[in-house]
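Participant: Just to be clear, the model below is a prediction. Sequence and coordinates:
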Amino acid sequence: MRTITALALILASGLATSATADTIKVGVIGPLSGPFSIFGQNFQWGIEAYQREAGTTVGDDTVEFVYRDLPGVDPAKARALAQELVVKDKVQYLAGAYFTPNAMAMTPILASAKTPLIVLNAATSSITEASPLVVRTSFTMWQNSVPAATAAKADGFEKVITIVSDYGPGIDAETAFGKTFTEAGGEIVESLRLPLSTNDFNPIMQRVKDSGADGIFVFLPGGPPTLGFMKSYLGNGLNDQGIKIISTGDVMTEPDLPAVGDVGLGVKTTYHYSTAHDSPENKAFLAAIDAVGGDLGETTMAAVAAYDGAKVIYDMIAATGGKRDPEAAVKAIEGEAWESPRGPVSIDAKTHHITQNVYLREMQKVDGKYQNTEIGVFEAQPDWGLVSK
Ligand code: PHB
C-alpha cells in the first residue's frame, strides 16, 4: 500500500506526465534468464524486428524499450518491477508478462500509474477483465482449446483425459476443452491438474493408461515442462498403444521440435501461430527477426505477440500525440484490424483480446527440418476469448 501511495504522489506532482518528453519509454517485463529465457528473448526479437521495419520514432518522439528480467512465476516481483519502471524510469507503457500470475499482479497499479499494459503472452481470459487498461496481443486459452476439442472429436477421440498445469491458463484450457468436447458427444474420463513445478511425467503416463482414455488433451506452459511431457508420452509408447494426443501449440513450440524428433511426426496441435505460416507478412517478419540477430529455429509465438504488441503501442503513441493519456490510448486501438504474420487479426473493442484465426497443425519434417505445418483453419471468433461462458 505504501508504494502505491508514493507512486500516486509522484504522478500527481506531474513529473511523470510531461507531454513534451521526446523519448517515450516502454517497460518490458519477461523471462530473460532461467529455463524460460527463450521466450523473453523472443519478446525482444519481436520488438526489435518491428522497430527495424517501422523505425524508432513516432511523430517527433523516440520510442525506447527498456527490459526487466522476471525468470519465473513471481507476482510480488512482477508488481515491484512494474512500479519501479513507472516511478523511476517514467515508462509510459508496460508490456510483456509471460506468465498469468505476473500479469495479474501488475493490473492493480495501472490506473494510478496511468499506464496501459500490453500483454505479450499470458493467456488466462480474465486478465483483460482485471483492468480496462490491459490489451492483449497474444492469445487466450479458450481460443486454442475449443478448436482442439473439435479436432479431437473429428479424429475419433471418444474418452479423453485432460492434463493441465494447475493455474489460470490450465483451468481455462481444461474448461474450454471439456465443455466443447462433451457438447460434441465425447467423454472426459479424468481431469488431472499438475503443480507448475512438475518435471517428471512418467508417473502421469501410468495414470493415463489406468484411466481407460483413448486420448489425451494437454496444456502446460511452453518451456522445459512441455518438452518433458512430450518426451515422456512418446518415450512410454502411449501413441503406439492407441492413446492419441492433442494439445495446444504451447506443448510443441518450435525450439522443442528437434529434441522431440521423428517420434513426434504427426502429432497435432491447435495454435494461432506457426513459423511455417505461409504468407508474405510472415516471410517479411522472419526476415526482420533474422536481421536483428534472432534465431529462426527458436522463434515462437512470443515474438509475434511482441511484434504486434509494438505495433499497437506505436499506434497508441500516434493517437495520443505522445502524451500520457492511457484511456485515450486504449480507446484508439479498439477495433483496430491488420494483417499480422499469423494472419488477419483485430483488437476486440469490448474485451481488448486479440481476435485471430486458429490453425490445426501437424508436426512434419520438410526439407530436413521439423515444423508445425498448418493443415486446417478455424476462422476467428471473438467470443472464444470471453471468460464468462
Ligand atoms: C500463462 O501463464 O498464461 C501461459 C504461459 C505459457 C504459455 C501459455 C500461457 O505457453
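Facilitator: It's in. Residues are numbered from 1 along each chain as shown.

Participant: Disregarding residues adjacent in the polypeptide, which is nearest to Arg193?
Facilitator: Computed as Cβ to Cβ, 6 or more residues apart in numbering, the closest residue to Arg193 that is not its neighbour in sequence is Asp166, at 3.8 Å. All C-beta atoms are positioned from the backbone trio N, CA, C, and that covers glycine.

Participant: any idea how far Ile245 is from the one you found?
Facilitator: Using Cβ to Cβ, to the nearest Å, Asp166 is found at 20 Å from Ile245.

Participant: Repeat that for Tyr271.
Facilitator: Going from Tyr271 to Ile245 by Cβ to Cβ gives 15 Å.

Participant: ok, residues contacting stretch 371-379?
Facilitator: With Cβ atoms under 8 Å, 6 or more residues apart in numbering as the contact definition, stretch 371-379 has outside contacts at 146-147, 150-151, 249, 252, 254, 257, 268-271, 274-278, 357-366.

Participant: contacting residues for the residue nearest to Arg193?
Facilitator: Contact analysis of Asp166 by Cβ under 8 Å, 6+ apart lists 193-196.

Participant: just Gln356 next, same as before
Facilitator: Gln356 neighbours (Cβ under 8 Å, 6+ apart): 139, 143, 272, 340, 342-345, 380.

Participant: now Ile216
Facilitator: 160-163, 208, 233, 238, 243-247.

Participant: Surely Tyr359 forms part of a helix?
Facilitator: No - judged by DSSP: H, G, I helix; E, B strand; the rest coil, Tyr359 forms no part of a helix; its state is strand.

Participant: so what's it bridging to?
Facilitator: Per DSSP bridges, the residues bridged to Tyr359 are Tyr271, Val377.

Participant: oh, and call the first residue 14 from now on, that's how I've got it
Facilitator: Yep, numbering from 14; the last one is Tyr372 now.

Participant: my guess is it meets Ser287, correct?
Facilitator: Yes - counting by Cβ atoms under 8 Å, Ser287 is a contact partner of Tyr372 at 6.4 Å.

Participant: can I get the contacts of Asp179 in TSV with secondary structure?
Facilitator: Compiled in TSV, those are given as follows (three-state DSSP):
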residue	secondary structure
Arg206	strand
Leu207	strand
Pro208	coil
Leu209	coil
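
Participant: rewinding a little: show the buried residues in the contacts of stretch 384-392.
Facilitator: Using 16 or more other Cβ atoms under 10 Å as the burial test, those include 159-160, 163-164, 262, 265, 267, 270, 281-284, 287-290, 370-377 as buried.

Participant: Among the residues you listed, which are located in strands?
Facilitator: Under the assignment DSSP state E, those contribute 281-284, 371-377 to strands.

Participant: In TSV: those residues, plus pLDDT and distance to Glu347.
Facilitator: Below are those laid out as TSV (pLDDT from 0 to 100; distance: Cβ to Cβ, whole Å):
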residue	pLDDT	distance to Glu347
Lys281	98	34
Thr282	98	31
Thr283	98	27
Tyr284	98	25
Val371	96	22
Tyr372	97	26
Leu373	97	30
Arg374	98	30
Glu375	98	36
Met376	98	37
Gln377	98	38
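
Participant: Now the two most distant members of those.
Facilitator: Val371 and Gln377 (18.4 Å; Cβ to Cβ).

Participant: can you pull out the helices in the stretch 214-363 of the chain?
Facilitator: Under the criterion DSSP state H, counting those that start in this stretch, the stretch 214-363 of the chain carries helices at the ranges 215-224, 237-248, 270-273, 293-304, 314-332, 339-346.

Participant: Give me the pLDDT for Ser401.
Facilitator: The model reports Ser401 with a pLDDT of 41.

Participant: now Ala393
Facilitator: 87.

Participant: Look up phi and psi at it.
Facilitator: Per-residue torsions, Ala393: phi -50, psi 140 (degrees, to the nearest 10).

Participant: what about it, how many residues close to it?
Facilitator: Ala393 sits with 18 neighbouring residues when counted by other Cβ atoms under 10 Å.

Participant: Quick check, it in contact with Asp361.
Facilitator: No - if you go by Cβ under 8 Å, Ala393 and Asp361 don't touch, sitting 9.9 Å apart.

Participant: what do those two both touch?
Facilitator: The contact lists of Ala393 and Asp361 share Thr368, where a contact means Cβ under 8 Å, 6+ apart.

Participant: Let me know the secondary structure of Thr141.
Facilitator: Thr141 is classified as helix under three-state DSSP.

Participant: what separates it from the ligand, distance-wise?
Facilitator: Distance of Thr141 to the ligand, computed by Cβ to the nearest ligand atom, to the nearest Å: 12 Å.

Participant: contacting residues for the spatially most central residue of the chain?
Facilitator: Per Cα atoms, centre = their mean, the C-alpha nearest to the average position across the chain is that of Asn134, at 2.6 Å. Listed by Cβ under 8 Å, 6+ apart, the contact partners of Asn134 are 43, 52, 56, 109-112, 151, 314-315, 318.

Participant: Closest to the ligand out of these?
Facilitator: Of all those, Phe112 has the smallest distance to the ligand: 3.9 Å, by Cβ to the nearest ligand atom.

Participant: so who does that closest one touch?
Facilitator: Going by Cβ under 8 Å, 6+ apart, Phe112 touches 85-86, 134-135, 234.

Participant: let's see it at 6 Å
Facilitator: 86, 135 (Cβ atoms under 6 Å, 6 or more residues apart in numbering).

Participant: In contact with the residue nearest to Ile326 when sequence neighbours are not counted, which residues are there?
Facilitator: In this structure, Ile326 finds its nearest non-sequential neighbour in Tyr106, 5.4 Å apart by Cβ to Cβ, 6+ apart. Tyr106 makes contact with 39, 129, 326 under the criterion Cβ under 6 Å, 6+ apart.
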